[in-house]
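> I would like the atomic coordinates for the input below:
(one chain, ligands or ions: 2)
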Amino acid sequence: MTTLSASAATVDQRIDELAKQVEPSVIACRRDIHQHPELGNRETRTSKLIADKLKSLGIEVKTPIAHTGVVGVLRGGKPGRVVALRADMDALPVTEQVDVPFKSMVRTTYNGQEVGVMHACGHDAHVAILLGVAEVLSKVRDEIPGTVVFLFQPAEEGAPEGEEGGAALMVKEGALKNPKVDAVFGLHVTSRYPVGEIAWRPGGMMAAVDSFKIKVHGKQTHGAYPWLGIDPIVVASQIVLGLQLIPSRQLDTTLAPSVVTVGAIHGGVRNNIIPDDVEMLGTIRSLDKAMRDDIHVRIKRTAEDIAAAAGAKAEVAITAGYPITYNDPALTEQSVPTLRRVAGAENTAVVNPTLGAEDFSFYQQNVPGLFFWLGIRPPNQTPEEAPSNHSPRFYVDESGLGLGVRALAHVAVDYLRGQGAGGRAQ
Ligand SMILES: [Zn+2]
Ligand SMILES: [Zn+2]
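Ligands and ions are numbered 1, 2, ... in the order given. The predicted structure follows:
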């Protein structure tokens, strides 16, 4: 065992040295992608850049997958399991307001509107980090006991209307097969945490997101004689309030938080006509699978029964979105020593879940996965000052990217060794 641990330690050191060496090219790559952002399912330039880089490293490349996705397969020099690492590639319809030399000036049409395009969620950093990991691991491939699969995935923020895309389509098109993936890791840069920090949560870390549409059918009449019709606006108002009672009064709030939000109400054309119909749109966020199903049942019942009480009718349609980003507890426990070693224990934290969502969850539905946060907030900013992801002022402190490269490279190799670094044999 002594020889094994000695050689493992040497490989770990080598990974750290290589990560340091590739850091300038990771930053250059991130800036290049940042200046040329592409929306979901349209990442053609990014896709080519990724495929070219992987090929230059001698990594087997499969593309296209899920429209513009790229899968790289690095077979290590020793037999073993298969670990996947994922980066998302898409930008957002946001006009950049950050004053950097590589600021995005790209404009395009999105849903019929002219918009700016910006990597306002940091997926440019994710691609650059994962290419850095690919370079590092390609140089120690003989020492890798198993296979590393690099998943470069389009359209995390959602595919254009009428198109499939993202992680769900990657899985559907076989990204986790041939070779069959045993576990998957991914990270997300965030301005909630400063440069140098890594954070995670076992179990539900990010929410399931579902959308709903409720149509309330009343009976149109004069605004002065409501008793001659059925007022869908008053019924819709009752439903909005009724829905708020689901998370606050009907669910065990100590088990997991949840949110039901009505974000749009449409109905009526003028002040003195009670309309026939009102339509409402909303979002549901949940962190527990059983609770998610329960909320769906309760939304339907609440809307239908409130409408029925008024003699109206409510039609409820719920569309499932991304599942819960669920960090496999055993995989998390196994990987935590690695994350602590790489970042320094004092720079790591188990954090509260968020009600934002991530389509990384689709991989986790198929294989055990761990998703973690990588801090990129400049050290001189407070969390309140730092613009959040999706802001036109979202800013990535690039000095945090090197830690991302080391974290992904080490969790992958330690997983293939079948051990957390803390449990390395002596
Ligand atoms: Zn985002
Ligand atoms: Zn994102």
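> what are the ranges of the strands in the stretch 201-350 of the chain?
Assigned by DSSP state E, counting those that start in this stretch, the stretch 201-350 of the chain shows strands spanning 203-206, 208-217, 221-222, 258-266, 273-274, 277-286, 313-320, 325-327, 348-350.
> what lies in contact with the third one?
In this case it means strand 221-222. For strand 221-222, the external contacting residues (C-beta atoms under 8 Å, 6 or more residues apart in numbering) are 228-229, 272-274. Where C-beta positions appear, they are placed from N, C-alpha and C, glycine not excepted.
> and it, average pLDDT?
The average of the pLDDT scores along strand 221-222 is 98.
> in the sheet, which strands lie alongside that strand, parallel or antiparallel?
The strands that strand 221-222 pairs with in its sheet are strand 273-274 (antiparallel) (by DSSP bridges).
> how about the second one?
Paired strands of strand 208-217, with direction, are strand 277-286 (antiparallel), strand 313-320 (antiparallel) (DSSP bridges).
> CA atoms only: put the last one into CSV for me.
In CSV, the C-alpha atoms belonging to strand 313-320 read as follows (Å, rounded to 0.1, in the frame of the first residue of the first chain):
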residue,chain,number,x,y,z
LYS,A,313,-64.1,26.3,-13.7
ALA,A,314,-60.3,26.2,-13.4
GLU,A,315,-58.1,24.2,-15.8
VAL,A,316,-54.7,23.5,-14.4
ALA,A,317,-51.7,22.4,-16.5
ILE,A,318,-48.4,21.7,-14.8
THR,A,319,-45.3,21.2,-16.9
ALA,A,320,-42.3,19.5,-15.3
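> all helices for the stretch 151-300 of the chain, in order.
All helices of the stretch 151-300 of the chain, identified by DSSP state H, counting those that start in this stretch, fall at 166-172, 232-245, 289-309.
> to Ala343, which of these lies closest?
Nearest to Ala343 among those is helix 166-172 (25.6 Å), distances taken as C-beta to C-beta.
> that older thread, and the strands of the stretch 201-350 of the chain, which is most packed in?
Of all the strands of the stretch 201-350 of the chain, strand 325-327 has the most neighbours on average by mean count of other C-beta atoms under 10 Å, namely a mean of 26.
> that one: partners in the sheet, and parallel or antiparallel?
strand 203-206 (antiparallel).
> contacts for the partner strand?
256, 287-288, 324-327, 329, 353-358, 361, 371.
> apply 10 Å and report the result again.
Under the criterion C-beta atoms under 10 Å, 6 or more residues apart in numbering, residues 188, 199, 256-257, 285-289, 291-292, 322-329, 332, 350-361, 364, 370-373 lie in contact with strand 203-206.
> please save the CA atoms from it in PDB.
Provided in PDB are the C-alpha atoms of strand 203-206 (Å, rounded to 0.1, in the frame of the first residue of the first chain):
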ATOM      1  CA  GLY A 203     -28.900  15.700  -0.900                       C
ATOM      2  CA  GLY A 204     -31.100  18.400  -2.400                       C
ATOM      3  CA  MET A 205     -28.900  21.400  -3.300                       C
ATOM      4  CA  MET A 206     -30.900  23.100  -5.900                       C
END
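> starting at the chain centroid, how far to it?
Offset of strand 203-206 from its chain centre (C-alpha atoms, centre = their mean, to the nearest Å): 12 Å.
> can you flag the buried ones in the contacts of strand 203-206?
The neighbour count (16 or more other C-beta atoms under 10 Å) marks 188, 199, 256-257, 285-288, 291-292, 322-328, 332, 353-361, 364, 370-373 as buried among these.
> how near is Asn178 to Lys62?
Asn178 sits 9 Å away from Lys62, going by C-beta to C-beta, to the nearest Å.
> need the overlap of contacts for the two.
Counting by C-beta under 10 Å, 6+ apart, the common neighbours of Asn178 and Lys62 are 71, 73, 149.
> report how many residues lie close to the last one.
Summarising burial for Val149: neighbours were counted as other C-beta atoms under 10 Å, giving 26.
> what strand or helix carries it?
Assigned by DSSP states H and E, Val149 belongs to strand 145-153.
> quick one: strands adjacent to that strand?
By DSSP bridges, strand 145-153 pairs with strand 69-75 (antiparallel), strand 78-88 (parallel).
> ranking the ones you listed by burial, who's on top?
Counting by mean count of other C-beta under 10 Å, the most buried of these turns out to be strand 69-75, with a mean of 23.
> for it, what is the average pLDDT?
Strand 69-75 shows a mean pLDDT of 98 in the predicted model.
> cool, stretch 184-192 as well?
Mean pLDDT, stretch 184-192: 98.
> how about stretch 38-58?
Here the average pLDDT along stretch 38-58 is 98.
> show me which positions of it end up buried.
Neighbour counts over stretch 38-58 (16+ other C-beta under 10 Å) mark 38-43, 46-47, 49-51, 53-54, 57 as buried.
> need the max-distance pair from these.
Spanning the widest gap among these are Leu39 and Leu57, at 27.3 Å by C-beta to C-beta.
> for the protein, where's the lowest mean pLDDT among helices and strands?
helix 2-35 (a mean of 90; mean pLDDT, DSSP states H and E).
> after that one, which helix or strand is next? Please name it.
Immediately after helix 2-35, counting by DSSP H and E, sits helix 44-56.
> helices or strands up against that next one?
Here helix 44-56 touches helix 2-35, strand 60-65, strand 69-75, helix 123-138, strand 145-153, going by 3 or more C-beta pairs under 10 Å, 6 or more residues apart in numbering; DSSP states H and E.
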